[in-house]
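with the sequence up front, the predicted model follows.
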Amino acid sequence: QVQLVESGGGSVQAGGSLRLSCAASGGAFRNYAMGWFRQAPGKEREFVASISWTAADTKYADSVKGRFTISRVNAKNTAYLQMNSLKSEDTAVYYCAAKGFTTSDQSKEYNYWGRGTQVTVSS
């Protein structure tokens, strides 16, 4: 059973940056692909980014391409989401999730989820 804990959320002005972290425990982190999703008030959860178990493959939502970067450090059992040039529409609760090996933008494919961290971007 993998436990995921997000951190690094907060409030920032538009154009600013934040780095989210997702710390994993209780499983073989190196065997999992990691994903970030977000959910804004009144909206469905949406895909943000995903990284494969080897970090060789990454996938991004069109809305964040060129602004967000997903990465991982297997030795630290941690995945990251660097968010630059933040916009008010990026305001949401951000969740990390884990699945076996390969990237995916489908939330139903992820087996483990964190509890989320709030990101608020003011304009």
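Everything's here; your move. Values in this document were obtained by computation on a predicted structure and should not be read as measured data.

pull the distance from the host helix or strand of residue 95 to the chain's centre.
Applying DSSP states H and E as the criterion places residue 95 in strand 92-100. Counting by CA atoms, centre = their mean, to the nearest Å, strand 92-100 is centred 5 Å from the centre of its parent chain.

okay, now the sheet partners of the following helix or strand past that strand, with direction.
Elements were assigned by DSSP H and E; along the chain past strand 92-100, the next helix or strand is strand 112-113. Here strand 112-113 has these sheet partners by DSSP bridges: strand 92-100 (antiparallel).

what's the partner strand in contact with?
With contacts defined as CB atoms under 8 Å, 6 or more residues apart in numbering, strand 92-100 is touched by 2, 4, 6, 9, 20, 22, 24, 27, 29, 31-40, 43, 45, 48, 53, 79, 81, 107, 109-119. Glycine gets a C-beta too; all of them are placed from N, C-alpha and C.

filter the residues you listed down to the ones in strands?
4, 6, 20, 22, 24, 32-39, 48, 79, 81, 112-113, 117-119 (DSSP state E).

filter those down to the buried ones.
By neighbour count, with 16 or more other CB atoms under 10 Å, these hold 4, 6, 20, 22, 24, 32-38, 48, 79, 81, 112-113, 117, 119 as buried.

quick one: the closest residue to residue 36 other than its chain neighbours from residue 107, how far?
Counting by CB to CB, 6 or more residues apart in numbering, residue 48 is the residue found nearest to residue 36 once chain neighbours are left out, at 4.2 Å. The gap separating residue 48 from residue 107 is 11 Å, by CB to CB, to the nearest Å.

now do the shared contacts for those two.
Contacts common to residue 48 and residue 107, judged by CB under 8 Å, 6+ apart, are 35, 37.

so what's the residue nearest the centre of the chain up against?
Most central in the chain under CA atoms, centre = their mean is residue 36, positioned 2.5 Å from the mean C-alpha point. Contact criterion CB under 8 Å, 6+ apart gives 20, 22, 48-50, 70, 79, 81, 94-97 as the residues in contact with residue 36.

same question, residue 30
So residue 30 contacts 53, 74 (CB under 8 Å, 6+ apart).
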